[in-house]
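Visitor: Any chance you could fold what I've pasted below:
(one chain, ligands or ions: 1)
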Amino acid sequence: MIRVVQGDITNLHVDAIVNAANTTLLGGGGVDGAIHRAAGPALLKACKNIGGCPTGEARITPGFDLPARWVIHTVGPVWRGGDQGEPPLLESCYTRSLDTALDHDIRSIAFPGISTGVYGYPKQEAAGIALGVMRHYEDRFEEIVVCCFTTEDKKLYDTLLDTE
Ligand code: APR
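Guide: Numbers count the residues shown, from 1 in each chain. Take a look at the predicted model:
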């Protein structure tokens with residue numbers, strides 16, 4: 001099932017949380033910064049061993065000090081107006097993250113709004129892409145959680161789910 005919550009993804013007790021990373025995987029601000037702070041320095045060490053991640057792909061590490069056992073790092077596209085391949089790249093973030101989760105027998109997974117912060121992806125369009133992919137995978141998970149940082153974002157997802 002798909003569940004929408006409002007809060008800080010680093011507090012969620014799910015098998016895996018997804019990080020909105022950048023291609024270096026060396027941390028940053030936003031949810032990336034929050035996850036690295038909560039997971040501790042071992043996360044950065046593990047990410048350094050991976051050596052980066054192309055946009056639209058996903059890499060997995062342990063969650064270390066996080067309640068979540070795993071962190072799946074994915075790199076969303078920077079919004080450049082919508083005709084530079086952003087939609088399929090954002091969709092790929094969700095599909096690659098969920099495929100990676102299936103490869104690790106992960107049963108519950110939480111996503112932040114990939115690319116909808118610093119990377120500027122319009123939230124409405126991004127939510128439509130995210131839900132479209134989640135619907136396709138939801139039978140293979142106990143729970144797919146959309147973790148919205150703000151109440152506005154949660155309202156956006158709730159509205160989309162109600163009108164499906
Ligand atoms: N929990 C859940 N969601 C969060 C949290 C948090 N602790 N902090 C921020 N968010 C939300 C933002 O409100 C936004 O909706 O995560 C979404 C993604 O925003 P960003 O973190 O800015 O990520 P993104 O837009 O994908 O930009 C990625 O930002 O932090 C850097 O290293 C990162 O360079 C990369 C870029």
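Visitor: At the contact with the ligand, which residues of the chain appear?
Guide: 8-10, 20-22, 28-34, 76, 112-119, 147, 149, 153 (CB under 6 Å from any ligand atom). All C-beta atoms are positioned from the backbone trio N, CA, C, and that covers glycine.
Visitor: Only the buried subset of the residues you listed, as a PyMOL command please.
Guide: Buried residues among those (16 or more other CB atoms under 10 Å), as a PyMOL selection:
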select buried, resi 9+10+20+21+22+28+30+31+32+34+76+112+113+114+115+116+117+119+147+149+153
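Visitor: out of the residues of the chain next to the ligand, which are inside helices?
Guide: 30-34, 153 (DSSP state H).
Visitor: from the residues you listed, which is closest to the ligand?
Guide: Among these, G30 lies closest to the ligand (CB to the nearest ligand atom), at 2.1 Å.
Visitor: how about the ones in helices among the residues of the chain next to the ligand in JSON lines, adding pLDDT and distance to D99?
Guide: What follows is these, written out as JSON lines (pLDDT from 0 to 100; distance: CB to CB, whole Å):
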{"residue": "G30", "pLDDT": "98", "distance to D99": "24"}
{"residue": "V31", "pLDDT": "98", "distance to D99": "21"}
{"residue": "D32", "pLDDT": "98", "distance to D99": "21"}
{"residue": "G33", "pLDDT": "98", "distance to D99": "26"}
{"residue": "A34", "pLDDT": "98", "distance to D99": "25"}
{"residue": "D153", "pLDDT": "98", "distance to D99": "25"}
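Visitor: Now do the helices in this protein.
Guide: In the chain, the helices defined using DSSP H lie at 30-39, 41-50, 86-103, 123-137, 151-162.
Visitor: circling back to that earlier point, between the ones in helices among the residues of the chain next to the ligand, which is closest to G56?
Guide: The closest of those to G56 turns out to be D32 (CB to CB; 16.4 Å).
Visitor: which strand residues sit across from the residue nearest to the closest one when sequence neighbours are not counted in the sheet?
Guide: Closest residue to D32 apart from its sequence neighbours, by CB to CB, 6 or more residues apart in numbering: A21 at 5.3 Å. Taking DSSP bridges, one obtains V75 as the residues bridged to A21.
Visitor: Contact partners for F149?
Guide: For F149, the contact set (CB atoms under 8 Å, 6 or more residues apart in numbering) comprises 6-9, 31, 112-113.
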